[in-house]
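Starting from these lines, generate the structure:
(2 chains)
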Amino acid sequence: MPDGQMRPADRPPTLWIALGRQRVGKTALLNTAVQYFRAQGNPMRVWNADQQNRSHTLSMFFPDADEVPNGGIEDGKAWIEARIEELIKDRYDAVLDVGGGATGFSRLVQEVPVLEAMEGSAVRVVGLFCIGPEKADLDYLEQFAEVDRFMPAASVIVLNTGLVLSGRSAGGAFKPVLAHPAIKSALAHGAKVAMMPALTCMAQVTDRGLTFAEAMDGCGKDGDEPLSLFDRARVNRWWTRDVPEFFRQLPAEWLPAAPVEVQPSNSEAG
Amino acid sequence: MTQRRRDTKAILRTVAQSERRSPLFRWMVDHHDELVEASGRDGIHWASFCAQAAKRGLTDTQGRPPTADNARKTWERARRAVRKARAEAAASGPKPIYPSRTPKAWVPPGIAAAIAAGNPAVEGARPVGTGAEASAGTALVPHPPPPPPVPPAGAGGDAPFSRLADPDDPPEVHAAYAQLEKQFEKADWYLMAGSSKKRRKE
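Next up, the predicted model:
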């Protein structure tokens, strides 16, 4: 658990929402986050509202994920609304994958001030704006920030280095998007920017339906071969070093809580 | 020796060292001024000259001792070559002066005129050098601009600055991008197989 992470008693429940156009790594980010924080002992809930994809969704990685029923945008909107009300009532941490394109979530934020309602109910909403090195990746950030007015006080612009073409430097690839006023405006209003580390064999892990711990340990599933020796080493380095560093970039109070550890009191010890 | 004379000498040396020229011609170019002076009003007695030249190995282009007629014609060519070389040196104008050879008292012509005219634009010009070297008669250069103000410690004086941001961007942007730069550097070591040259290029 990153240093300084707060305990549940000290903090409001956290809802992480990944936003961005398709194929920018929203699901990969949330998959990583849930595996990471669950491994730390936080039983955070997983909401899969991605109505466009049926493979490589959070439901594939987490059998206990709540999944949006098949239907249209209105159904998706109603489903998300119900989940949020439940979270406000039951006070737990969760992640929400809204998917790309026109979604029930985007319809919801256009209709009602979702952010104000949640933050007014003492829920910490963390917006994770996932972008790659293309300027078009900023469309969602601009849309949510300027048109829909959905820009949580806790917002993170996640630069996915996994989308940088081979042979390019990350700095050179992201330079054009970092010059964009949408990012600078967000940063000036308190957003953070963080670099999601690349895992070159990510597809080999997710195609096998493996957790990162399983991939690292050389497990196979459903008769699939385990990862090669070098890919296992790559996952090991990424999972045990790069991913914790990534989450350490974020303010501790924006992270899902660590479980409260039961400490024996003096009287019990005596 | 003045700069112009040095230039003329250099050109004459080039003329004299041409392989197509005879030893007699080269000697005449080298000793042009002396020969002119020695000849005086009476001119040169070429038979005597050729006897002395033969003793000193000053031959014609064929390596033979010069004849009087041959020597006279060679002298005419040598004088023409020297005249031409000196005319070219004079036409080429003054050579640039290397900073190390710039005289301490040198002042750019425009500045000198402005100082002489009391132009307020050069007010604040100061003599080159410090202490004892400084004097009103030496070259004057404008005062350097004052250094930028240094913010007091704890008031943003140690605020990070990033090349990825514009100088006018707010400190939050500079701070975030400065942090990113470090991460990019680290990530690129893996993405680009440690090729620092390529990273710098991008």
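
A:Asp242 against A:Ala194, yeah?
No: the pair A:Asp242 / A:Ala194 is not scored as a contact, 11.8 Å apart, by C-beta atoms under 8 Å. The way it works is simple: take the backbone N, C-alpha and C, and place the C-beta from them, glycine included.

Any part of stretch A:28-48 near chain B?
No: figure legend: stretch A:28-48 not in contact with chain B (C-beta under 8 Å from any C-beta of the partner chain); closest approach 16.0 Å.

So for that stretch, mean pLDDT?
Per-residue pLDDT over stretch A:28-48 has a mean of 95.

Might you calculate how far it sits from the centre of the chain?
Here stretch A:28-48 shows a centroid-to-chain-centroid distance of 8 Å under the convention C-alpha atoms, centre = their mean, to the nearest Å.

Show me which parts of that stretch are buried, residue by residue.
A:28-37, A:40, A:42, A:44-48 (16 or more other C-beta atoms under 10 Å in any protein chain shown).

so where's chain A shaky on pLDDT?
A:1-10, A:258-270 (pLDDT under 70).

Near chain B, which residues of the stretch 151-270 of chain A are found?
So far as C-beta under 8 Å from any C-beta goes, the stretch 151-270 of chain A lies against chain B at A:159, A:161, A:164, A:166-175, A:178-179, A:184, A:187-188, A:190, A:192-193, A:195, A:197-198, A:249.

could you give the mean pLDDT of the longest helix along chain B?
When chain B is parsed with DSSP state H, its longest helix is helix B:68-91. The pLDDT scores in helix B:68-91 average 87.

circling back: can you flag the buried ones in the residues of the stretch 151-270 of chain A next to chain B?
The buried subset of those - by 16+ other C-beta under 10 Å - is A:159, A:161, A:164, A:168-174, A:178, A:184, A:187, A:192-193, A:195, A:197-198, A:249.

mind listing the helices for chain B?
Using DSSP H, helices in chain B cover B:3-16, B:23-30, B:32-39, B:46-55, B:68-91, B:109-116, B:171-191, B:196-201.

Not counting residues beside it along the chain, what's closest to the closest residue to chain B within the stretch 1-150 of chain A?
Closest contact between the stretch 1-150 of chain A and chain B, by C-beta to the nearest C-beta, is at A:Pro133 (11.6 Å). Of all residues not flanking A:Pro133 in the chain, A:Ala173 sits nearest, at 3.9 Å (C-beta to C-beta, 6 or more residues apart in numbering or on different chains).

Beyond the strand or helix carrying the one you found, next helix or strand please.
Using DSSP states H and E, A:Ala173 falls within helix A:170-178. Under the assignment DSSP H and E, the closest C-terminal helix or strand after helix A:170-178 is helix A:181-188.

Provide a list of residues in contact with A:Asp137.
The contact partners of A:Asp137, taken as C-beta atoms under 8 Å, 6 or more residues apart in numbering or on different chains, are A:Gly20, A:Arg21, A:Val24, A:Cys130, A:Ile131, A:Val177.

Highest neighbour count among these?
A:Ile131 (30 neighbours; other C-beta atoms under 10 Å in any protein chain shown).

From A:Phe247, how far off is the nearest residue to it once chain neighbours are set aside?
Residue nearest to A:Ile131 in three dimensions, not counting chain neighbours: A:Asp137, with 3.9 Å by C-beta to C-beta, 6+ apart. Counting by C-beta to C-beta, to the nearest Å, the gap from A:Asp137 to A:Phe247 is 22 Å.

Which of the buried residues of stretch A:28-48 fall within strands?
Using DSSP state E, the members of the buried residues of stretch A:28-48 that fall in strands are A:Arg45, A:Val46, A:Trp47, A:Asn48.

Who does the last one form a beta bridge with?
Applying DSSP bridges to A:Asn48 yields these beta-bridge partners: A:Glu67, A:Asp97.

quick one: it and A:Ser59 touch, right?
Yes: contact criterion C-beta under 8 Å: A:Asn48 and A:Ser59 qualify, at 4.8 Å.

tell me, what's touching the two both at once?
With C-beta under 8 Å, 6+ apart, A:Asn48 and A:Ser59 have common neighbours A:Ala65, A:Glu67.

Can you mark which positions in the helix ranked longest in chain A are buried?
Scanning chain A for the helix with the most residues, using DSSP H, yields helix A:73-90. Residues A:Ile73, A:Gly76, A:Lys77, A:Ala78, A:Trp79, A:Ile80, A:Glu81, A:Arg83, A:Ile84, A:Leu87, A:Ile88 are the ones in helix A:73-90 that count as buried (16+ other C-beta under 10 Å).

Now do that helix: everything it contacts.
A:13, A:15, A:45, A:47, A:49, A:51, A:66, A:68-69, A:94, A:96, A:98, A:102-105, A:107-108, A:111, A:114, A:117-118, A:121, A:123.

Centre of the chain to it, how far?
18 Å.

which residues touch stretch A:169-181?
For stretch A:169-181, contacts defined as C-beta under 8 Å, 6+ apart pick out A:131, A:133-135, A:137-138, A:159, A:161, A:164-165, A:183, A:195, B:164-166, B:177, B:180-181, B:183-185, B:187-188, B:191-192, B:198-199, B:202.

Mind giving me the PyMOL command for buried ones among those residues?
In PyMOL, this line selects whichever of these come out buried by 16+ other C-beta under 10 Å:
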select buried, (chain A and resi 131+133+137+138+159+161+164+183+195) or (chain B and resi 164+165+177+180+181+183+184+187+188+191+192+199)
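
Which residue would be the closest one in the stretch 151-270 of chain A to chain B?
Counting by C-beta to the nearest C-beta, the stretch 151-270 of chain A gets nearest chain B through A:Gly172, at 3.0 Å.

quick revisit: with respect to chain A, which of the helices of chain B lies nearest?
helix B:171-191 (3.7 Å).

near chain A, anything from the closest one?
Yes: legend: contact between helix B:171-191 and chain A by C-beta under 8 Å from any C-beta is shown at B:172-173, B:176-177, B:179-181, B:183-185, B:187-188, B:190-191.

Among those residues, which pair sits farthest apart?
Greatest spacing in these, by C-beta to C-beta: B:Glu172 and B:Tyr190 (28.2 Å).

which stretches of chain B have low pLDDT?
In chain B, residues with pLDDT under 70: B:1-8, B:11-12, B:14-19, B:93-97, B:104-107, B:109, B:120-158, B:189-202.

What residue spans form the domains of it?
As assigned by automatic domain parsing, chain B contains the domains B:3-91, B:171-201.
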